[in-house]
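Q: fold the following and give me the result.
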Amino acid sequence: MINLTKASRLPAGSRAIFDTNIFVYFATAHLILGPPCQEIIHRVEEGEIEGVIPAVVMNELLHNLILVELVGKKFAETRNGAISRVKNDPTVIQQLTIAWDIFKCLPEMGFSILEDERGITDRTYFFSKELSLMAKDAAIVSYAHNYEISHIVTNDRDFERIPWLTSWRP
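A: Have a look, this model is predicted:
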């Protein structure tokens, strides 16, 4: 298990899974973590590193971006309020743009999307139990294992427990 805290030091030519939080910090222009996330995403755009996004990350990213935009556009005051708003008026989702724009541009930026595949669920259950991971993190580890990817760009310290996965933080 290696944890090198600066994603900017990820070696050129590396293949890395990107976690949801990196895109959320980037999309919301987070004051502290936004710039380093922008830098690592730019390295993918330039072809310096290969960025990979599992389907589970795409799904969580969509969920988070919808909530962030609902709050940002004053459809709700909080994330919980945004969820209630969608439950009461699902058509509000059709008024959003950020999530759709980001989803459309990720492949254009050079990211590869790993779709769900046979066996991922079984491996997710295994890694959750064996490595004491929550479901989404276990699914990401399943993709990394299946595709022999040994790097992850994330701000989630739980991945530091995975002996064969190097965690790179913004």
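Q: what segments of this protein are helices?
A: Ranges of helices within the chain are 20-27, 34-45, 55-72, 79-88, 98-108, 120-131, 135-146, based on DSSP state H.
Q: hmm, I41 and P170 touching each other?
A: No - using Cβ atoms under 8 Å, P170 is not in contact with I41, being 10.1 Å away. C-beta here means a position set from N, CA and C on the backbone, and glycine is covered the same way.
Q: what do those two both touch?
A: Shared contacts of P170 and I41 (Cβ atoms under 8 Å, 6 or more residues apart in numbering): I22.
Q: just the pLDDT for the most centrally placed residue in the chain.
A: The chain has T20 as the residue nearest its centroid, 1.9 Å off, counting by Cα atoms, centre = their mean. In this prediction, T20 carries a pLDDT score of 94.
Q: isn't it up against L65?
A: No - the pair T20 / L65 is not scored as a contact, 9.5 Å apart, by Cβ under 8 Å.
Q: I'd like to know how far T154 sits from L106.
A: Separation of T154 from L106 (Cβ to Cβ, to the nearest Å): 16 Å.
Q: not counting its neighbours along the chain, what's nearest V57?
A: T20 (5.1 Å; Cβ to Cβ, 6 or more residues apart in numbering).
Q: give the contact list for that neighbour.
A: Applying Cβ under 8 Å, 6+ apart to T20 gives the contacts V57, E60, L61, N64.
Q: now tabulate the residues you listed in TSV and tack on pLDDT.
A: What follows is these, written out as TSV (pLDDT from 0 to 100):
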residue	pLDDT
V57	95
E60	92
L61	92
N64	91
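Q: any idea how far G119 is from H145?
A: Counting by Cβ to Cβ - G119 and H145 are separated by 10 Å.
Q: the more surrounded of the two?
A: Shown here are G119 and H145; by other Cβ atoms under 10 Å, H145 has more neighbours (17 against 10).
Q: give me the neighbour count for the residue lying closest to that one once chain neighbours are set aside.
A: Counting by Cβ to Cβ, 6+ apart, H145 lies nearest to R123, which is 6.5 Å off, once chain neighbours are set aside. By the criterion of other Cβ under 10 Å, R123 has 16 neighbours.
Q: just to check, R123 is in contact with S142?
A: Yes - using Cβ under 8 Å, R123 makes contact with S142 at a distance of 3.8 Å.
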